[in-house]
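Trainee: Next come a sequence and a model predicted from it.
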Amino acid sequence: MKNVLVGATLALMAGAAPVFAEMTDIRFTLGWKTQGSDAPFLLALDKGYFEDEGLNVSIDQGEGSAATVTRIMGGAYDAGFGDINAIIQNAAARPGEAPVMVYQLWNRPPFAIVTPKTAGIENPEDFEGKTLGGAQGTPTTRLFPVFAEINGIDLDKVAQENMAPNLQEPMMIRGDIDGAFVFTSTSWFNLIANRQDPANDYNWFNFEDYGMDLYSNGMMVSRELLAENPEAVAGLVRAVNKATMEVSAKQDTSVEAIMAYDNLVDADLERARLEFALTNLMNAPEVTDIGMGDLVDERLTRSIEIVAKGYDLERLPEASEIFDRSFLPPVDERRFETTIN
């Protein structure tokens, strides 16, 4: 033990990372296949920020941002990148078992309804008499009844078709449906891949603009890790925060880290997706005051009520069950300014 302490002291004096007696293994799951928005985790891995915290982090691709929660609850993973709304759903049914969000990244939701301008849908009431398509069970689809209630839409006058996510944009382009329930960070680029102009030829009804003020993806950890190794949780948060601050200013470095993890991805596409996340999902006005990684409890409480209504939850979890800010570095270390270079 004495040699370990001496080694750590010498390393610190030399400006190097401390030597840990034993590295802590962390199994981490992404929300989906490798994407530009995963940059904070992949940059932390590539630059050794996890190792600097005494963490041996292995990162696997995901199966959906909601699946991150069930993967962690099942014991296969200790931490991951996923949707806070899925935590709410599971915490309502299984108190004390759902993972806890410890670093909020997407402080604006990607949930939206996209329609071709040729469909003539300019306002929410225009959805009446139209046909919308979406994958059953996704947040956008499940929360549409709440969206409709808030915005005075008669659900009986809106036809809805269930379909696989990969069919939504093609069917919309063909005119088989008038709009789709989507994640903006995915659909925007699916449209581009189909030689469409998402900015000029489509209308986007972002849920946050229509009374659905929700949070979305961030880093969550298991209850077991939280209870048994809070030092590891703190290290994870410090490493990801350090990488996030770097990602916000250096997209080139971020894309290099993404390619180092998965050299099969399209570098230009994922850089564009990263820039989309930075400018559309990670820049809520509140970040100026509270910093990246944190959230506003009152806003989270309102979002819990929205999710509870959309998913018919029998219990309203407390905000403290969903999010734990105690591991966040000081706010001055989490000042977030997006620079697209």
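Mentor: Structure's in. What do you need? Numbers count the residues shown, from 1 in each chain.
Trainee: Leaving out sequence neighbours, find the closest residue to Arg302.
Mentor: The spatially closest residue to Arg302, leaving aside those adjacent along the chain, is Asp213, at 6.2 Å (Cβ to Cβ, 6 or more residues apart in numbering). C-beta: built from backbone N, CA, C; applies to glycine.
Trainee: Three-state assignment for that neighbour, please.
Mentor: coil (DSSP: H, G, I helix; E, B strand; the rest coil).
Trainee: Quick one: residues contacting it.
Mentor: Counting by Cβ atoms under 8 Å, 6 or more residues apart in numbering, Asp213 makes contact with 299, 302-303, 306.
Trainee: Who wins on neighbours among those?
Mentor: Ser303 (23 neighbours; other Cβ atoms under 10 Å).
Trainee: I'd like to know how far that residue sits from Val69.
Mentor: Using Cβ to Cβ, to the nearest Å, Ser303 is found at 16 Å from Val69.
Trainee: now do Asn151
Mentor: From Asn151 to Val69 the distance is 28 Å (Cβ to Cβ).
Trainee: of the two, who's got more company?
Mentor: Using other Cβ under 10 Å as the criterion, Asn151 and Val69 rank with Val69 on top: 25 against 15.
Trainee: Chain neighbours aside, what residue packs nearest to the more buried one?
Mentor: Ala86 (4.3 Å).
Trainee: Tell me if the one you found really is in a strand.
Mentor: No. Counting by three-state DSSP, Ala86 falls outside a strand, being helix.
Trainee: residues in contact with it?
Mentor: Applying Cβ under 8 Å, 6+ apart, the residues contacting Ala86 are 65-66, 68-70.
Trainee: before we move on, what about Phe336?
Mentor: The contact partners of Phe336, by Cβ under 8 Å, 6+ apart, come to 244-245, 248, 282-283, 287, 291-292.
Trainee: Filter those residues down to the ones in helices?
Mentor: In helices, defined here by DSSP state H, the members of these are 244-245, 287.
Trainee: Name the helix or strand of this protein that has the lowest mean pLDDT.
Mentor: None of the helices or strands of the chain scores lower by mean pLDDT, DSSP states H and E than helix 2-13, at a mean of 43.
Trainee: Quick check: next helix or strand after it?
Mentor: Later in the chain than helix 2-13, the nearest helix or strand by DSSP states H and E is strand 24-29.
Trainee: strands paired with that following strand, and their directions?
Mentor: strand 55-60 (parallel), strand 79-83 (parallel) (DSSP bridges).
Trainee: Looking at the ones you listed, which one is packed in the most?
Mentor: strand 79-83 (a mean of 28; mean count of other Cβ atoms under 10 Å).
Trainee: Now do the residue nearest to Arg302 against Glu286, distance only.
Mentor: 11 Å.
Trainee: Overlap of the contact sets of those two?
Mentor: In contact with both Asp213 and Glu286: Arg299, using Cβ under 8 Å, 6+ apart.
Trainee: What separation is there between the closest residue to Glu286 other than its chain neighbours and Pro99?
Mentor: Among residues not flanking Glu286 along the chain, Val296 sits closest, at 5.6 Å (Cβ to Cβ, 6+ apart). To Pro99, Val296 is 20 Å away according to Cβ to Cβ.
Trainee: more neighbours, those two?
Mentor: Pro99 (30 against 18).
Trainee: Enumerate every residue touching the more buried one.
Mentor: By Cβ under 8 Å, 6+ apart, the residues touching Pro99 are 69, 72-73, 79-80, 87, 220-223.
Trainee: redo that, cut-off 10 Å
Mentor: Listed by Cβ atoms under 10 Å, 6 or more residues apart in numbering, the contact partners of Pro99 are 68-73, 77-80, 82, 84, 86-87, 90-91, 219-226, 322.
Trainee: swap in Asp262?
Mentor: 30, 33-35, 38, 42, 59, 61, 270.
Trainee: let's see 7 Å
Mentor: Listed by Cβ atoms under 7 Å, 6 or more residues apart in numbering, the contact partners of Asp262 are Thr34.
Trainee: repeat for Gly134
Mentor: 140-141, 168, 180-181.
Trainee: Tell me which entries of these lie within helices.
Mentor: 140-141, 168.
Trainee: Buried among the residues you listed? Need that as a selection in ChimeraX.
Mentor: Here is the ChimeraX selection string for the buried members of those, based on 16 or more other Cβ atoms under 10 Å:
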select :140,141,168
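Trainee: Closest one of the ones in helices among the contacts of Gly134 to Leu274?
Mentor: Thr140 (21.7 Å; Cβ to Cβ).
Trainee: What ranges does the stretch 51-200 of the chain have for its strands?
Mentor: 55-60, 79-83, 100-104, 111-116, 131-134, 159-162, 179-183 (DSSP state E, counting those that start in this stretch).
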